[in-house]
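Novice: Next come a sequence and a model predicted from it.
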Amino acid sequence: MCTLGSVRGRYLFKNRDMETGNSFREEIVLNIRRYSYVGIAGKTNEFERGLNSGINEKGIAAAITYVGPRGSLSGNIENRIPRGIIVEDIVGNAGNLLEAAEIAQWHLSRDPHVGGNIVIVSGEGIVSIEEIDRRFAVAFIDSEFFLQSNHFLNLNRPPDEGDSPERFAAINRLFAGKRAADVDIPFIKDVLSYRGNYALIFKKREDKVGGVTVSTVIYDIEKKTAHYRYAADGDARFQELTPKAR
């Protein structure tokens, strides 16, 4: 499944990995609510709604990874509210980090959602929200880097059987010894392309590991832009996306 990371005040980035039985279709969304925003809408199945990740004109970015109840992601999306609606509400309406956290908590306090991690980044800092079975934990992150996969750091949950711990360890190794000032877009692209002996952060169809990296996106908080590549197309290149001009 997905690998997610952030650099305090600078970047939010992720690989979106999908099980081979799900749809790999994605859409680029450009819209205006309170604020103009751009994001990526995953289409796991016909029931999925909202954005998998996005950024707005204020430099508020949000993204999710899945940590759900027993069963498949596709099955849980059919029976619970997709967290994509939270991401789209955040980038559509939040002007600062506190507003973004309040929007997420408003949703999670009212309805059962699919479950997993929501990471929000702005020039002010990083917020991590973990949610499953109508329980959620909100943490304001003080460190320069916050890295995540498909497991929880605060909420209690039985460990997954997948490769989440290995990918989490791998991305932490790649950032070890780095300072936020040392990190740039090319470095993050390399990290998200990593294919080591002990972990595959980037998965290909030919790996036959049950999942494929469908897309890579890097949100530049300062420039309020997205660098997006639909990785399921082997010939695709990164494109730069910005929120709509008013």
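Specialist: Structure received.
Novice: switch to C-alpha atoms for all contacts and neighbour counts from now on
Specialist: Fine.
Novice: three-state assignment of residue 152?
Specialist: Under DSSP: H, G, I helix; E, B strand; the rest coil, the three-state class of residue 152 is coil.
Novice: Looks like it contacts residue 130 (just checking).
Specialist: Yes - counting by C-alpha atoms under 8 Å, a contact exists between residue 152 and residue 130, whose distance comes to 6.7 Å.
Novice: got any residues that touch both of the two?
Specialist: A shared contact of residue 152 and residue 130, defined by C-alpha atoms under 8 Å, 6 or more residues apart in numbering, is any residue touching both; here these are 116-117.
Novice: Which residue of these two possesses the greater neighbour count?
Specialist: Neighbours were counted for residue 152 and for residue 130 using other C-alpha atoms under 10 Å; residue 130 has more, 23 against 20.
Novice: so the more buried one bridges to which residues?
Specialist: Listed beta-bridge partners, residue 130: residue 117, residue 137 (assigned using DSSP bridges).
Novice: Just the pLDDT for it.
Specialist: The score at residue 130 is 94. That number is its pLDDT.
Novice: Give the other helices and strands that the one helix or strand in the chain whose mean pLDDT sits lowest contacts.
Specialist: In the chain, the helix or strand scored least confidently by mean pLDDT, DSSP states H and E is helix 73-79, which has a mean of 72. Where contact means 3 or more C-alpha pairs under 8 Å, 6 or more residues apart in numbering; DSSP states H and E, helix 73-79 is not packed against any helix or strand.
Novice: Now do the same contact list for residue 194.
Specialist: 200-202.
Novice: where does the protein dip in pLDDT?
Specialist: Across the chain, the stretches falling below the confidence threshold (pLDDT under 70) are 70-72, 75, 157-161.
Novice: which residues touch residue 65?
Specialist: Contact partners of residue 65, counting by C-alpha under 8 Å, 6+ apart, are 1-4, 116-118, 149-150.
Novice: Spatially, which pair of the residues you listed is furthest apart? Let me know, please.
Specialist: Of all pairs drawn from the contacts of residue 65, the widest gap by C-alpha to C-alpha lies between 1 and 118 and measures 14.5 Å.
Novice: More neighbours: those two, which one.
Specialist: Neighbour comparison, residue 1 and residue 118: the larger count goes to residue 118, with 26 against 23 (by other C-alpha under 10 Å).
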